[in-house]
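>>> I would like to see how this sequence folds:
(2 chains)
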Amino acid sequence: MSRDLHAEVLRTLRDSFSPRGGEIVETTPVREFLRDSIDAVELIAVLSSTYRLRVDPADFDGVETVRDLIEYVGRTSGQAGEGLEGF
Amino acid sequence: MIPDDELYLLSFYRASELAGSMLFGRLAFHTTIDDLRAPLTRHCLEEAEHAWLWTETILKLGRTPLKVERTYQSEYGREFGLPSDMLEILCLTQTLEKRVVEHFERHLRAPDVHPLVAETLRKMIADEAGHLGWVRVRLDKYARTGDAARLEALTARLEAVDRTAYERLAVGSPYSRFFAEAT
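Below is the predicted model of the structure:
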C-alpha cells in the first residue's frame, strides 16, 4: 500500500471519529472509537464512500486495530459497486 | 401514570426511533449516492420527530424517558451483522419498519392501553406506513435494473433475521407482556 493511502486513511478516520483516549494512531483499537453498531455502520459508510471499498462483513470481523483497518482498505479499495451497491 | 414495565417499553420505542434518526443522519452526511441524499435526510427528520412524539408522550404521562441500550436496530444488527452497502441498509429498514408497524398494532390491541399511548401508537402507525414509500420505490427499481436474485436472497435472509430478533425480544421482561405471540 502506498504511503499516501496510508496517511489518507488515517486522516479520514481522525476527521470522522473521536476515540476516548486521544488521537487515532495505528495501534488504536477500533473499539475505542466504535461505541455502538451505528458507529460501525458509519465507519463502513465513510470508508466505502471515500475509497470505494466493498466490505465483506466476515473479513471485517478480523479488523481489531487501525493498522488492520488501513491494510483492509489497501486490499479492498476500488471494489465497490455502483448505486445501491455502495454507500 | 404508567407502570415501570410500560415506561421501559415506551423508552425502548423512543430509543429505537432515535437510533434510526442518528443512523440515517450519518448516512445522509456521508453518502456519495446523490439522489439518496434528500430522502435519507427526510428519513432522519421523521425518525427524530417520532422519537420526540414518544418523549412527549412519556412526559405527559408524568414519567421521564429511561436510558435504554437495546433498540430494534441493535437487535437486528446483532442478528444480521454489519451491512455491506446501501442496498442492505434499505432492505433492513423496510423489514424493520414493517415489524414496527405490526408491533404497534399489537400493542394497540393490548388491554388497558392508556389513551395517550393509544393516540401516539395510532399516529405512529399512520406515519410509518407513509414514510417508507421512497425505500420501496428504490428497491423496486433495483429489482428491475440491478441484481434481482441478490435482492430476493437478501429479502429471504432478512425474514429469518426478523423472526429471530423479534423472538429474542419477546423472551425477556419487560418486553414479554407486549411481545408475546411474537411469531
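
>>> in this structure B:Arg136 contacts B:Gln94, no?
Yes - assessed by Cβ atoms under 8 Å, B:Arg136 is found in contact with B:Gln94 at 6.9 Å. (Each C-beta comes from the backbone N, C-alpha and C, glycine too.)

>>> near chain B, anything from the least confident helix or strand in chain A by mean pLDDT?
In chain A, the helix or strand scored least confidently by mean pLDDT, DSSP states H and E is helix A:57-60, which has a mean of 78. Yes - residues of helix A:57-60 contacting chain B under Cβ under 8 Å from any Cβ of the partner chain: A:57, A:60.

>>> how about the residues of chain B by chain A?
Residues of chain B lying near chain A (Cβ under 8 Å from any Cβ): B:19, B:22-23, B:26-27, B:30-33, B:73-74, B:77-78, B:81-87, B:89-90, B:138, B:142, B:146-147.

>>> more neighbours, B:Arg136 and B:Gln94?
Per other Cβ atoms under 10 Å in any protein chain shown, whichever of B:Arg136 and B:Gln94 has more neighbours is B:Gln94, with 17 against 11.

>>> residues contacting the more buried one?
B:132, B:135-136, B:139 (Cβ atoms under 8 Å, 6 or more residues apart in numbering or on different chains).

>>> of all the residues you listed, which two lie farthest apart?
The most widely separated members of the contacts of B:Gln94, counting by Cβ to Cβ, are B:Leu132 and B:Leu139 (10.0 Å).

>>> could you count how many residues lie near residue 35?
The chain I'm using is chain A. Count around A:Arg35 with other Cβ under 10 Å applied: 12.

>>> other chain: chain B
B:Asp35, neighbours per other Cβ under 10 Å, totals 9.

>>> over to B:Phe104?
For B:Phe104, using other Cβ under 10 Å, the count is 18.

>>> up against chain B, what does chain A have?
A:36-38, A:40-42, A:44-46, A:48-49, A:54-57, A:60, A:80-81, A:83-87.

>>> among the residues you listed, which ones are buried?
A:37-38, A:40-42, A:44-46, A:48-49, A:55, A:60, A:80, A:83-87 (16 or more other Cβ atoms under 10 Å in any protein chain shown).

>>> among those residues, which ones are in strands?
Among these, no member is found in strands (DSSP state E).

>>> in helices, which of those residues appear?
Among those, the ones falling in helices (DSSP state H) are A:37-38, A:40-42, A:44-46, A:48-49, A:60.

>>> widest-spaced pair of those?
For those, and using Cβ to Cβ, no pair is farther apart than A:Ser37 and A:Ser49, which are 18.4 Å apart.

>>> and B:Leu61, what is it in contact with?
Contacts of B:Leu61 (Cβ under 8 Å, 6+ apart): B:1-2, B:7, B:10, B:114, B:116-117.

>>> scratch that, B:Ser21 is what I was asking about
B:Ser21 neighbours (Cβ under 8 Å, 6+ apart): B:44-45, B:47-48, B:50-51.

>>> longest helix anywhere in chain B?
Under DSSP H, chain B gives helix B:4-30 as its longest helix.

>>> could you point out which element follows that one?
helix B:37-60 (DSSP states H and E).

>>> can you check what angle separates the helix or strand just after that following helix from helix B:4-30?
The helix or strand immediately downstream of helix B:37-60 is helix B:72-80, counting by DSSP H and E. Between helix B:72-80 and helix B:4-30, the angle comes out at 70 degrees (axes from the mean of the first three to the mean of the last three Cα atoms, to 10 degrees).

>>> using PDB, list the CA coordinates for helix B:72-80.
Output in PDB follows, covering the C-alpha atoms of helix B:72-80 (Å, rounded to 0.1, in the frame of the first residue of the first chain):
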ATOM      1  CA  TYR B  72     -34.700  -2.700  17.300                       C
ATOM      2  CA  GLN B  73     -31.500  -1.600  15.400                       C
ATOM      3  CA  SER B  74     -29.100  -3.200  17.900                       C
ATOM      4  CA  GLU B  75     -31.200  -6.500  17.900                       C
ATOM      5  CA  TYR B  76     -31.400  -6.700  14.100                       C
ATOM      6  CA  GLY B  77     -27.700  -5.700  13.800                       C
ATOM      7  CA  ARG B  78     -26.700  -8.400  16.200                       C
ATOM      8  CA  GLU B  79     -28.500 -11.000  14.100                       C
ATOM      9  CA  PHE B  80     -27.700  -9.600  10.600                       C
END
